[in-house]
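1. Turn this into a model:
(one chain, ligands or ions: 1)
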Amino acid sequence: MSGERPLLEVNGLKKHFPIHGGVLGQAIAKVYAVDGVSFSIARGETLSLVGESGCGKSTVGKTILRLLTPTAGEVYLAGERIDNLPAARLRPLRQRMQVVFQDPFSSLDPRMKVRDILAEPIRNFGLAHGRAELDQRLAELMDKVQLPRDAIGRYPHEFSGGQRQRIGIARALAPGPDLIICDEAVSALDVSVKAQIINLLADLQAELGLTLLFISHDLAIVEHLTHRVAVMYLGKIVELTDRRTLFADSHHPYTRALLSAVPVPDPTAKRQRIILTGDVPSPINPPNGCRFHTRCPFAFDRCRVEEPLLRPVGDGHLSACHLEHAPGGQVVPMAA
Ligand code: SF4
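-> Numbers count the residues shown, from 1 in each chain. As a prediction, the model looks like this:
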């Protein structure tokens with residue numbers, strides 16, 4: 001993975017939504033949904049974007065996909081800048097970037113058989129010549145997502161939730177994309193089905209060398225799938241590191257609070273639960289200084305006035321906090 005340019009590069013991405021009001025319907029405020037987010041994903045890598053509901057993670061995904069137009073920042077796919085492409089040039093982009101949404105039922109047309117759902121992107125992008133080649137591709141897609149080939153003649157409502165999500169994954173795979181964005185792709189599923197879909201995604205990722213951006217509010221889910229994790233809070237990334245470091249040696253107090261809520265498989269192992277007080281502040285009027293200071297148990301004066309930068313705290317490990325993590329687990333204020 002090293003040496004070559006990352007498949008996806010996101011630099012200083014912002015997405016602000018104007019709020020209109022007043023007599024003339026003019027913009028009276030903004031929602032700072034995504035406010036300066038940067039990361040990259042190597043080809044064949046999975047990066048998870050995690051955080052509570054409303055932190056902006058899904059907006060990041062939609063803005064990369066150009067379902068939303070970015071307010072500022074740059075996005076590159078395989079070295080090509082895509083955030084400023086005119087509408088006429090978005091079509092080839094749709095082939096290279098696909099998405100799997102949370103609710104497969106609402107994202108699959110109930111009037112279409114699975115065959116037509118999967119054939120549509122193959123036809124749209126001219127990926128099969130003739131009926132035999134199309135049938136072969138459809139059969140391969142059903143195999144890849146471990147659904148029986150003869151189920152291709154059924155409608156979405158004839159499948160369980162997990163099976164429908166397999167169809168959603170097959171549809172995302174159909175055009176042979178470089179990148180798949182999974183937006184809360186397993187959140188609506190039962191626990192056991194969730195695990196099956198996570199395993200399927202992990203297998204497909206390994207088999208096909210897929211690049212995945214996995215968006216989830218649940219850190220426990222990403223642990224078995226991801227290479228690296230970026231943690232978001234109120235429109236910004238507060239910590240980014242590899243999976244092992246995140247789960248064993250996270251630095252940011254927000255990440256630690258999220259991790260403390262993740263169930264530990266060993267019932268004899270103890271993990272101190274960090275209960276965050278207060279609600280997530282409004283992204284219309286985010287707090288000054290560190291955006292997390294209104295809920296952070298370690299906040300001190302500097303946190304209320306100075307925004308912490310995302311800075312290296314280890315090999316490939318970034319954290320945005322005014323605290324220093326000294327050896328031995330001590331946490332002390334960092335010199336300004
Ligand atoms: Fe907490 Fe301050 Fe660090 Fe923000 S900068 S996470 S408020 S200690």
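
2. Regarding Leu141, what is its secondary structure?
-> helix (DSSP: H, G, I helix; E, B strand; the rest coil).

3. Look up phi and psi at the spatially closest residue to it that is not a sequence neighbour.
-> Distances taken as Cβ to Cβ, 6 or more residues apart in numbering place Ala170 nearest to Leu141, at 4.4 Å, with adjacent residues excluded. C-betas here are computed from N, CA, C, even on glycine. Backbone torsions for Ala170, taken as degrees, to the nearest 10, come to phi -60, psi -40.

4. Also the one 3 residues further on?
-> With angles defined as degrees, to the nearest 10, Leu173 sits at phi -80, psi -20.

5. which residues touch it?
-> 98, 141, 144-145, 180, 204, 208 (Cβ atoms under 8 Å, 6 or more residues apart in numbering).

6. what sits up against stretch 117-129?
-> 95, 108-109, 112, 134, 136-138, 141, 152, 156, 167, 170-171, 174-176.

7. Just the buried subset of the residues you listed, please.
-> 95, 108, 134, 137-138, 141, 152, 156, 167, 170-171, 174-175 (16 or more other Cβ atoms under 10 Å).

8. all helices of the protein, in order?
-> Assignment of helices within the chain using DSSP state H yields the ranges 57-64, 91-96, 104-107, 114-124, 131-144, 161-173, 191-208, 219-222, 243-249, 253-260, 301-305.

9. show me what contacts Gln272?
-> Ser260.

10. State the distance from the residue nearest to Pro263 when sequence neighbours are not counted to Ile19.
-> Spatially, and ignoring its direct neighbours in sequence, Pro263 is nearest to Ala220 (6.5 Å; Cβ to Cβ, 6+ apart). Remark: distance between Ala220 and Ile19 (Cβ to Cβ, to the nearest Å) = 35 Å.

11. Pick out whichever of the contacts of Leu173 sits closest to Phe292.
-> Ile180 (30.2 Å; Cβ to Cβ).

12. Now do the same contact list for Tyr76.
-> 5, 8-9, 11, 82.

13. returning to what we had before: any idea which of the helices of the chain scores lowest on pLDDT?
-> The minimum mean pLDDT among the helices of the chain belongs to helix 104-107 (a mean of 72).

14. are any of the contacts of Leu173 buried, and which?
-> 98, 141, 144-145, 180, 204.

15. I'd like those residues as TSV, with distance to the ligand appended.
-> What follows is the buried ones among the contacts of Leu173, written out as TSV (distance: Cβ to the nearest ligand atom, whole Å):
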residue	distance to the ligand
Gln98	35
Leu141	45
Lys144	42
Val145	41
Ile180	32
Leu204	36
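
16. Nearest to Gly36 among those residues?
-> Ile180 (24.9 Å).

17. I'd assumed Val100 was in contact with the closest one.
-> Yes: the pair Ile180 / Val100 is scored as a contact, 6.4 Å apart, by Cβ atoms under 8 Å.

18. Pull up the overlap in contacts between these two.
-> Ala172.

19. For the nearest residue to Val193 once chain neighbours are set aside, which residues are in contact?
-> Excluding its sequence neighbours, the residue lying closest to Val193 (Cβ to Cβ, 6+ apart) is Gly162, at 3.8 Å. Neighbouring residues of Gly162 by Cβ under 8 Å, 6+ apart: 189-190, 193, 196-197.
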